[in-house]
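A.B. asks: Need coordinates for the below:
(chains A and B)
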Amino acid sequence: MAATGELSFVQSLAIQFRVLHALLMRELITRYGRDNLGVLWLVGEPMIFTLGVTTLWSAAGLAHGGTGIPIVAFAVTGYSSVLMWRNATTQCGAGIEQNKPLLFHRSVLIIDVFFTRIALEIIGATSSFIFLSFFFIFIGWMPVPDNLLMVLEGWFMLAWFGASLALLVGAGTAFSPLVHRLWHPISYLLFPMSGAAFMVEWLPHNLQAIVLYLPMVHGVELLRHGYFGNVVRTHYDIGYMAECCLVLNLCGMYVVREASRRVEF
Amino acid sequence: MLSVEHVSKVYETRRGPYTVFDDVSFSLQRGRNIGILGRNGAGKSTMIRLISGAERPTTGRIRRGMRVSWPLAFAGAFAPHMTGLDNLKFICRVYGCDYKPLVPFIEEFTELGTFLREPVLHYSHGMMTRLAFALSMAIEFDCFLIDEAMVVGDARFHDRCHYELFQKRKDRAFILVSHDANTIKTYCENAVVLHEGHLFAFPNLDAAYVFYLETLAKKPDVVEQWQM
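C.D. replies: Here you go, the predicted model:
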């Protein structure tokens, strides 16, 4: 450390990695514990959710107008996408409050708490998606993806959207607890509109235009275009989604910076 | 060197902004120590939180040219759902050291026995204080921040803390805050006084001591005399 207390970029980076590692271990231990499945719950939790929803939708025979989409694949792609933007945001919304004691240590910053939680949720949702896909493809309930690269692209966009939203909501809670309280109803209301349970093509024209204002709808459509190929007609504009993510991301980072000044004990 | 430069802290309250202190400056060299005297509510703990870096000053800056501890024995710096041992691991990961060689010391000092492997939220106040103090000793700091009000325990605990801090680590710098002038006089080389949002510095400990006792007796002229 220099005499003035200023750190070089490399030193700061080293500290940040140490802090992220410490927080990651802390989250894994407190959330999943050492008993029974332990850290496997990271994948188990989203998997059970997705399986449950898949079962419900299959049982209800969710109307999809004989479009030839296998319902299992439809549910897995849909619900996994929801997990991508919902869980990270919900976790970050509670992030400051649940890690407050640890923020007392100078090098532990709220951005580290958010990075950790976002990373964990994305890893969990991604592993669950991969595992379920392999499983259902293996037993023949799901087709093999038509265009894997397109699936990955859609997945990446959803991750970006989820991470940006999570930063914004998480840091917003430092300004008002209302942010966290409102996020819960908002996330429930967004769920049916997010494109998880329908294809944009199935909607009437006027509704299509409205739904396409929501950035995540574009991600799900891209993901499904990649998965099902040209069996379905998809509607998406990745340029629009990227613009939304970029704006959210910048706002999120700005609010995080402002919020770190406001953390009080 | 640690230096506090023109630091102010304002909190938002329901009745508008509240200034804890305004334009406070002082510095501390490596291996030296200073006491901060102040009455209840004078802003001593706030000052310690700012110096530790847990909170940021509203204006001004704090430069840390040495490794500064978190407030010693402060129980609020640990995750309640983690065990004592997991809290040690967390601290060690954050500060970049190996936790394994430290476990015997922690076990010996805290006398927690099997409770070291139980979640901290099940600890009594005394257990928590012992763990918190031991964890602050686990990391090698150059400067310790001590809030006298936090290091509370029985005589034995007090003696052991005293040994760890003022004998084994007597080469380190420390900042001790207290409302008790005699405590400061016992441990510190010099002292400053936080009074009504201002910091008063003195050429020696005795001057600080006299000033503080007079502010307690509410003599306004003494404040004017030392106004910076």
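
A.B. asks: Chain A contacts on chain B?
C.D. replies: Within reach of chain A by CB under 8 Å from any CB of the partner chain, chain B has these residues: B:1, B:11, B:49, B:52-56, B:63-68, B:70, B:74, B:76-82, B:86, B:89-91, B:93-96. (Each C-beta comes from the backbone N, C-alpha and C, glycine too.)

A.B. asks: Inside strands: which ones of those?
C.D. replies: Judged by DSSP state E, the subset of the residues of chain B next to chain A located in strands is B:11, B:63-64, B:68, B:70.

A.B. asks: Can you say which helix or strand has residue B:6 in it?
C.D. replies: Taking DSSP states H and E as the criterion, residue B:6 maps to strand B:2-13.

A.B. asks: The helix or strand following that strand pairs with which strands?
C.D. replies: Following strand B:2-13 in sequence order, the next helix or strand is strand B:16-28 (DSSP H and E). Partners of strand B:16-28 in the sheet, by DSSP bridges, are strand B:2-13 (antiparallel).

A.B. asks: Would you mind listing the residues in contact with residue B:43?
C.D. replies: Residues near residue B:43 by CB atoms under 8 Å, 6 or more residues apart in numbering or on different chains: B:9, B:20-21, B:194, B:197.

A.B. asks: Would you check which pair of the residues you listed lies furthest apart?
C.D. replies: By the measure CB to CB, B:9 and B:194 form the most distant pair in those, at 11.3 Å.

A.B. asks: overlap in contacts of the two?
C.D. replies: B:21, B:43.

A.B. asks: returning to that earlier point: in the strand holding residue B:6, which residues are buried?
C.D. replies: B:2-4, B:7-9 (16 or more other CB atoms under 10 Å in any protein chain shown).

A.B. asks: burial measure for residue 105, as a count.
C.D. replies: Answering for chain A, as no chain was given. Residue A:105 has 22 neighbours, counted by other CB atoms under 10 Å in any protein chain shown.

A.B. asks: Actually, chain B is the one I wanted.
C.D. replies: Quick note: residue B:105 (other CB under 10 Å) scores 13 neighbours.

A.B. asks: Assess the claim that it and residue B:139 are in contact.
C.D. replies: No - using CB atoms under 8 Å, residue B:105 is not in contact with residue B:139; the gap is 11.7 Å.

A.B. asks: Identify the residues contacting the longest helix along chain B?
C.D. replies: Longest helix of chain B, by residue count under DSSP state H: helix B:125-138. Applying CB under 8 Å, 6+ apart, the contact partners of helix B:125-138 are B:69-70, B:72-75, B:77-78, B:84, B:87-88, B:91-92, B:99, B:102, B:105-106, B:109-112, B:115-116, B:120, B:123, B:144, B:150-154, B:157, B:161, B:164-165.

A.B. asks: And for stretch B:162-176?
C.D. replies: Contacts of stretch B:162-176 (CB under 8 Å, 6+ apart): B:2, B:28-36, B:48, B:51, B:66, B:72, B:109, B:133, B:137, B:141-146, B:148, B:183-184, B:187-188.

A.B. asks: Which ones among these lie within strands?
C.D. replies: Those of the contacts of stretch B:162-176 mapping onto strands are B:2, B:28, B:33-36, B:143-146, per DSSP E.

A.B. asks: which of those tops the neighbour count?
C.D. replies: residue B:35 (28 neighbours).

A.B. asks: what bridges to that residue?
C.D. replies: Bridge pairing for residue B:35 - DSSP bridges - gives residue B:176, residue B:191.

A.B. asks: avg pLDDT for stretch B:126-138?
C.D. replies: The average pLDDT within stretch B:126-138 is 91.

A.B. asks: For residue B:188, give me phi and psi.
C.D. replies: Main-chain dihedrals, residue B:188, degrees, to the nearest 10: phi -110, psi 150.

A.B. asks: Would you mind listing what in the stretch 101-250 of chain A touches chain B?
C.D. replies: Counting by CB under 8 Å from any CB, the residues of the stretch 101-250 of chain A that sit close to chain B are A:101-108.

A.B. asks: what two of the residues you listed have the greatest distance between them?
C.D. replies: A:101 and A:107 (14.4 Å).

A.B. asks: Give me the more crowded residue out of these two.
C.D. replies: Neighbour totals were compared for residue A:101 and residue A:107, and residue A:101 leads with 19 against 16 (other CB under 10 Å).

A.B. asks: contacting residues around stretch A:237-257?
C.D. replies: With CB under 8 Å, 6+ apart, stretch A:237-257 has contacts from A:110-111, A:114, A:153, A:157, A:160-161, A:163-168, A:170-172, A:175, A:212, A:215-216, A:218-219, A:222.

A.B. asks: Tell me which of those residues fall in strands.
C.D. replies: Those of the contacts of stretch A:237-257 lying in strands (DSSP E): none at all.

A.B. asks: what residue ranges in chain A score low on pLDDT?
C.D. replies: Scanning chain A for pLDDT under 70 picks out A:1-5, A:61-68.

A.B. asks: which residue packs closest to the closest residue to chain B within the stretch 51-200 of chain A, ignoring adjacent ones?
C.D. replies: In the stretch 51-200 of chain A, the residue that lies nearest chain B is residue A:106 (3.2 Å; CB to the nearest CB). Closest residue to residue A:106 apart from its sequence neighbours, by CB to CB, 6 or more residues apart in numbering or on different chains: residue B:53 at 3.2 Å.

A.B. asks: And for the one you found, the neighbour number?
C.D. replies: Residues near residue B:53, counting by other CB under 10 Å, number 16.

A.B. asks: That one contacts residue B:64, doesn't it?
C.D. replies: Yes - with contact defined as CB under 8 Å, residue B:53 reaches residue B:64; the gap is 7.3 Å.

A.B. asks: Show me what the strand holding residue B:6 is in contact with.
C.D. replies: A:264, B:17-28, B:43, B:46, B:50-51, B:55, B:57-66, B:68, B:143, B:173.

A.B. asks: host element of the residue minimising distance to the centre of chain A?
C.D. replies: Residue closest to the mean C-alpha point of chain A, counted by CA atoms, centre = their mean, is residue A:84 at 2.3 Å. Assessed by DSSP H and E, residue A:84 sits inside helix A:71-93.
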